[in-house]
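Q: Need coordinates for the below:
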Amino acid sequence: MKRTSATSLILLALLGGVGAGFAQVGLAAAGQAIITTPLTLPLALAVIGILVVLLARPIRRMTRQRTTTAGPVDPFYATRIVMLAKASALSGALITGAGAGLLIYLLTRSVTPGVGSFASTIAAIAGAAVLLAGGLVAEYMCRIPPGDDSDDDEEKRMRVRS
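A: Residues are numbered from 1 along each chain as shown. Predicted coordinates for the structure are as follows:
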């Protein structure tokens, strides 16, 4: 599996920002209440981001220790954590972009909304950024370190070619 690319993160953030901005404009034009983020959202996003990193720590320990006391890495657990980390990074980018779109909408209104709207939106952006960072850190922690048997791999490739 490839690492999460910066291009996909930027595209998801832009997609989230444009989508949330258009949703706000559409709701306001229809006379409906605009989207406001609850105060529990940033807390939940930050906790999930931290939990993803904590779940990746055992894999990091097992892959970095060269002693015989470190047991083998459970491939199913490692795969689940890598997929969770990638999903966290992608969803963190999408929610960060959506929060930025909501904030831009609030800043461009002719009537200044209450301070609570700004605070909850900025907090949501911060929580989503923690989720994004936690996903990227956990994905990095689950990397396989370069092995010492690179010469053996080269010999195998040479034998296959001849």
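
Q: what helix or strand does R61 sit in?
A: Counting by DSSP states H and E, the element that carries R61 is helix 40-64.

Q: Give the buried residues for whichever helix or strand comes after that helix.
A: The C-terminal neighbour of helix 40-64 among helices and strands, as given by DSSP H and E, is helix 75-107. Neighbour-count burial for helix 75-107 flags 78, 81-82, 84-86, 88-103, 105-106 (criterion: 16 or more other C-beta atoms under 10 Å). For glycine as for every other residue, the C-beta is placed from the backbone atoms N, C-alpha and C.

Q: Give me the mean pLDDT for helix 75-107.
A: Per-residue pLDDT values over helix 75-107 give a mean of 94.

Q: angle of that helix against helix 40-64?
A: Orientation note: helix 75-107 sits at an angle of 150 degrees relative to helix 40-64 (axes from the mean of the first three to the mean of the last three C-alpha atoms, to 10 degrees).

Q: for helix 75-107, packing partners?
A: Identification of packing neighbours for helix 75-107 by 3 or more C-beta pairs under 8 Å, 6 or more residues apart in numbering; DSSP states H and E yields helix 6-29, helix 40-64, helix 115-141.

Q: Highest mean neighbour count out of these?
A: Among the helices and strands packed on helix 75-107, helix 115-141 has the highest mean neighbour count (mean count of other C-beta atoms under 10 Å), at a mean of 20.

Q: That one versus helix 6-29: what angle between them?
A: 160 degrees.

Q: Mind giving me the packing neighbours of helix 115-141?
A: Helices and strands touching helix 115-141, by 3+ C-beta pairs under 8 Å, 6+ apart, are helix 40-64, helix 75-107.

Q: how about TSV for those, with distance to A23 added?
A: Below are the helices and strands packed on helix 115-141 laid out as TSV (distance: least, C-beta to C-beta, whole Å):
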stretch	distance to A23
helix 40-64	16
helix 75-107	8
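
Q: Spatially central residue in this structure, please.
A: A89 (1.5 Å; C-alpha atoms, centre = their mean).

Q: quick one, what contacts it?
A: With contact taken as C-beta atoms under 8 Å, 6 or more residues apart in numbering, A89 is in contact with 4, 9, 131-132, 135-136, 139.

Q: Show the contacting residues for A93.
A: Neighbouring residues of A93 by C-beta under 8 Å, 6+ apart: 8-10, 12-13, 16, 128, 132.
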